[in-house]
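Engineer: With the input below, show me the fold.
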Amino acid sequence: MPKRRTLLSACAASLLTGASLTLPRQALAQAAPPAELATELPGALWAGSARMRFFGLDVYDTTLWVAPGFRAGSYAQHDLALALTYLRGLSGRAIAQRSLKEMGRLGDISPESAQRWLAAMLAAFPDVKVGDRITGLHSPAAGARFWHNGQPRAAIRDPEFSRLFFGIWLSESTSEPQLRSALLAQTRP
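Structural biologist: Here you go, the predicted model:
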């Protein structure tokens, strides 16, 4: 109940200050992390939620779950998970290619790494339809793991891949700073 009160307080404050708050309706009802994270991210805490829009089109709702002790400024050093619930159909190839492009904005990627990571993301990301969920788990020392609608998909055992991939949403250099702020709303700097 305290998390819900905090979220409701944030919504009320945004109305009073005239600020724009981008939170999907599901954020109010979200009580627990997705089932696939129960053993993978014990004690997970809801950190924030947001809706991704591209040229005015709703693309997905995303929710961030973090391990206790998480600090936003050092996100890559903490276990965390992002769940993306798609609001439109997209090909897995388009998701992988866009992800690689965004990762390249955050750091230099060698051609060899780009090729290897694209192949790994093609295996991890299926074509999605409205309502499908892709959940990603970042483990600083181990890399990333992915699920599609709660079913395991792939593990990419490369910490640098994982840092850059989750940096798409969480890096201070993200192309979507408002989305980042909403995702990190309940965390410490």
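Engineer: quick one: low-confidence ranges for the chain?
Structural biologist: Applying pLDDT under 70 to the chain flags residues 1-31.
Engineer: ranges for the strands of it?
Structural biologist: For the chain, applying DSSP state E gives strands covering 45-54, 57-66, 80-86, 133-139, 143-148, 151-156.
Engineer: Name the nearest residue to the residue nearest the centre of the chain, ignoring sequence neighbours.
Structural biologist: Most central residue of the chain, judged by C-alpha distance to the mean C-alpha position with CA atoms, centre = their mean, is residue 82 at 3.3 Å. In space, and not counting its chain neighbours, residue 82 is closest to residue 136: 5.1 Å by CB to CB, 6 or more residues apart in numbering. (Glycine included, C-beta is placed from N, CA and C.)
Engineer: So what pairs up with that neighbour in the strands?
Structural biologist: Note on residue 136: beta-bridge partners residue 82, residue 146, judged by DSSP bridges.
Engineer: got a list of what it touches?
Structural biologist: 81-84, 144-146, 165-166 (CB atoms under 8 Å, 6 or more residues apart in numbering).
Engineer: repeat for residue 58
Structural biologist: So residue 58 contacts 51-52, 87-88 (CB under 8 Å, 6+ apart).
Engineer: Give me the distance between stretch 134-144 and the centre of its chain.
Structural biologist: In terms of CA atoms, centre = their mean, to the nearest Å, the centre of stretch 134-144 is set 11 Å apart from its chain centre.
Engineer: Adjust the sequence numbering to begin at 26 for everything that follows.
Structural biologist: Done: numbering now begins at 26, and the last item shifts to stretch 159-169.
Engineer: What residues of it count as buried?
Structural biologist: Neighbour-count burial for stretch 159-169 flags 159-165, 168-169 (criterion: 16 or more other CB atoms under 10 Å).
Engineer: Make JSON lines from the contacts of residue 161 and add distance to residue 99 to it.
Structural biologist: Listed next are these as JSON lines, based on distance: CB to CB, whole Å:
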{"residue": "106", "distance to residue 99": "17"}
{"residue": "107", "distance to residue 99": "17"}
{"residue": "108", "distance to residue 99": "22"}
{"residue": "109", "distance to residue 99": "23"}
{"residue": "169", "distance to residue 99": "17"}
{"residue": "170", "distance to residue 99": "21"}
{"residue": "171", "distance to residue 99": "23"}
{"residue": "190", "distance to residue 99": "16"}
{"residue": "191", "distance to residue 99": "12"}
